[in-house]
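Novice: okay, structure incoming, though there's no sequence with it:
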């Protein structure tokens, strides 16, 4: 797995450098404090998946434009805005191994800096002067907020189904990743077939990324993950491994799982028992299989594109999305 | 004063009806809860100043377009988004005579519904397919968030100057009102001179509206105002009447005022004493005079436009902005 990550990093090193430069150059608030709060999260070792996807999607459609890293910043800023508001809403304490912004500067400033980043992203989108991109970005933002609300409404609901889960992750994660790929294709002036193909690739990749994230919340090492394992459950978020296990558990095990889930103050012993039951009913395995299915679907779409280093990078990204450890 | 309000309402009755229809028709979330939370504030008797200004600004430039009420909704949604986030940040309890959304649905949902409205506004802006409008709307949103942050950073700071105050109100209130007038002119395809003139009219009007709001917080009747008098001070917001009085007070009075301001749990007796000192040092009077100066400036700009019922309405709006009682 480390091999895969190294291989990928080698392929996108220059792009990541240009994206980093654009993320610094386009964060231009009038107030130092805004730069400080926004920068705390933006420059804390994010994977830059979304901006990278615009760059790669534009390139696979034959387009190289010096403004692409700038437009790619739209997606990292939107992503950061969402994370800032999420951390306020969830009362989280750590992200990417650092204390969350709201624990340092308080919820009010954090909410407003999230608003600033949303607006900053829209300003850059407006600079493209491309009505289609502006529409994609604004509709995406609208969809994401609804995904977040849906998730919040169903917090702690043990009747949350796999279908509900898929709706939430498509909205809160899928839309943005899909939108990044689509925007790259639009910037490249790709044919509608290619635009559609890259949008679908992004849709599958988004699902893989979120399912992998939700699996990591049960099996990762907290230090490596940069946040506490089991955080989702503590916030009342039922994810695929739990949903699947609950559905297939025998009555007694189901009752036990429900009791642990309902108690947001569960102990480490409770959590171990829950993960044991998740494994007993194949929850993790099922989530991994479903994600692997979407990895294959994403790769299949790429098969229609000519072989190129960029296509190879997008292939590897799909594998990395599932097999990463952080 | 009631006469002025009635006269104005008579002139804009049909426009207000069309704006109301557009506000309902364009609030189209997938989730009922979002409609409920957003609607709680949107349909709670706001003055519709911002959408009305687009309609009137377009009309005074000779433009009538059936889509204008729809585009006008952008500004009411943005305004509502800001109020929702403000009420979370300030921990307010009442607005427009009703409990604030966060006291009913909680801060997390309220923050996300604010995000939804920001995004909805941008989606409608995108539908104009007018790059200039899209740019105005997104830059406005960015400026507003910074105005809010600046205000928050300076909460409770007794060294907050009149200049600081003007910067904050220009950003948090002025930008949106100015932007509404400007957008109306752009939609009408007005000359750049007329666009500039209406932008300036809006700038003055925004200042008048905010100063009047800040005066009302000291002199209004709580029942009529729909929120508690003295709320700004309790939230640590120093507004013009206080800033002016503090600057001109004798040492002993200044010390007494600072003590009341620093104590966010001040009693009704303390508050009466503060208003007495505001009057002693002409704080209210000074604020009224400054606002009246901006009313005159706004009207002077309109003098360059041909006489028409629309111009008359914009004249009356400037008077109403200062003399309203709610």
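Specialist: Thanks, I have it. A quick note: this is a predicted structure, and the numbers were derived from the prediction, not measured.
Novice: was I right to think residue A:60 contacts residue A:311?
Specialist: Yes - counting by CB atoms under 8 Å, residue A:60 does reach residue A:311; the two are 6.1 Å apart. Using the backbone N, CA and C atoms, a C-beta is placed for each residue, glycine as well.
Novice: please enumerate the shared neighbours of those two.
Specialist: residue A:305 (CB atoms under 8 Å, 6 or more residues apart in numbering or on different chains).
Novice: excluding covalently adjacent residues, which one is nearest to residue A:151?
Specialist: Counting by CB to CB, 6 or more residues apart in numbering or on different chains, residue A:151 lies nearest to residue A:168, which is 4.8 Å off, once chain neighbours are set aside.
Novice: that neighbour: what's it in contact with?
Specialist: A:147, A:150, A:151, A:154.
Novice: look up the pLDDT of the residue nearest to the last one when sequence neighbours are not counted for me, please.
Specialist: Think residue A:154. On the basis of CB to CB, 6+ apart, the spatially nearest residue to residue A:154 that is not a chain neighbour turns out to be residue A:160, at 5.1 Å. If you check residue A:160, the pLDDT there is 95.
Novice: residue A:160 sits in which helix or strand?
Specialist: In the assignment (DSSP states H and E), residue A:160 maps to no helix and no strand.
Novice: tell me the contacts of it?
Specialist: Residues counted as contacts of residue A:160 (CB under 8 Å, 6+ apart) are A:154, A:238, A:243.
Novice: swap in residue A:132?
Specialist: With CB under 8 Å, 6+ apart, residue A:132 has these contacts: residue A:186.
Novice: residue A:315 too?
Specialist: By CB under 8 Å, 6+ apart, the contact list for residue A:315 reads A:299, A:302.
Novice: ok, now how distant is the residue nearest to residue A:324 when sequence neighbours are not counted from residue A:291?
Specialist: What sits nearest to residue A:324 in space, not counting adjacent residues and going by CB to CB, 6+ apart, is residue A:212, at 6.5 Å. Using CB to CB, to the nearest Å, we find residue A:212 at a distance of 6 Å from residue A:291.
Novice: picking up where we left off before, what helix or strand does the residue nearest to residue A:151 sit in?
Specialist: helix A:162-169.
Novice: pull out the buried residues from that helix.
Specialist: By 16 or more other CB atoms under 10 Å in any protein chain shown, the buried positions in helix A:162-169 come out as A:164, A:165, A:166, A:167, A:168, A:169.
Novice: related to what we said a few turns ago, identify the contacts common to residue A:212 and residue A:291.
Specialist: Among the neighbours of residue A:212, those also in contact with residue A:291 (CB under 8 Å, 6+ apart) are A:321, A:322.
Novice: between those two, who's got more neighbours?
Specialist: Of the pair residue A:212 and residue A:291, residue A:291 is the one with more neighbours under other CB atoms under 10 Å in any protein chain shown, namely 23 against 20.
Novice: excluding covalently adjacent residues, which one is nearest to the closest residue to chain B within the stretch 201-326 of chain A?
Specialist: Closest approach between the stretch 201-326 of chain A and chain B, counting by CB to the nearest CB: residue A:235, at 10.7 Å. Distance criterion CB to CB, 6+ apart; nearest residue to residue A:235, sequence neighbours excluded, is residue A:90 at 4.9 Å.
Novice: again, but for residue A:292
Specialist: Leaving aside its chain neighbours, residue A:292 sits nearest to residue A:322 (6.3 Å; criterion: CB to CB, 6+ apart).
Novice: report pLDDT for the one you found.
Specialist: At residue A:322, pLDDT is 94.
Novice: what helix or strand does it sit in?
Specialist: Per DSSP H and E: helix A:309-323 holds residue A:322.
Novice: so, low pLDDT: which residues of chain A?
Specialist: Scanning chain A for pLDDT under 70 picks out A:1-2, A:222, A:225.
Novice: what about the helices in the stretch 151-300 of chain A?
Specialist: Remark: helices assigned in the stretch 151-300 of chain A by DSSP state H, counting those that start in this stretch are A:162-169, A:175-187, A:192-219, A:222-225, A:231-234, A:240-248, A:251-262, A:268-280, A:283-302.
Novice: what does the stretch 51-200 of chain A put close to chain B?
Specialist: Applying CB under 8 Å from any CB of the partner chain, we find that the stretch 51-200 of chain A lies next to chain B at A:85, A:88-89, A:107-109, A:111-116, A:118-120, A:122-123, A:125-127, A:129, A:131, A:134-135, A:137-139, A:141-142, A:144-146, A:148-150, A:152-153.
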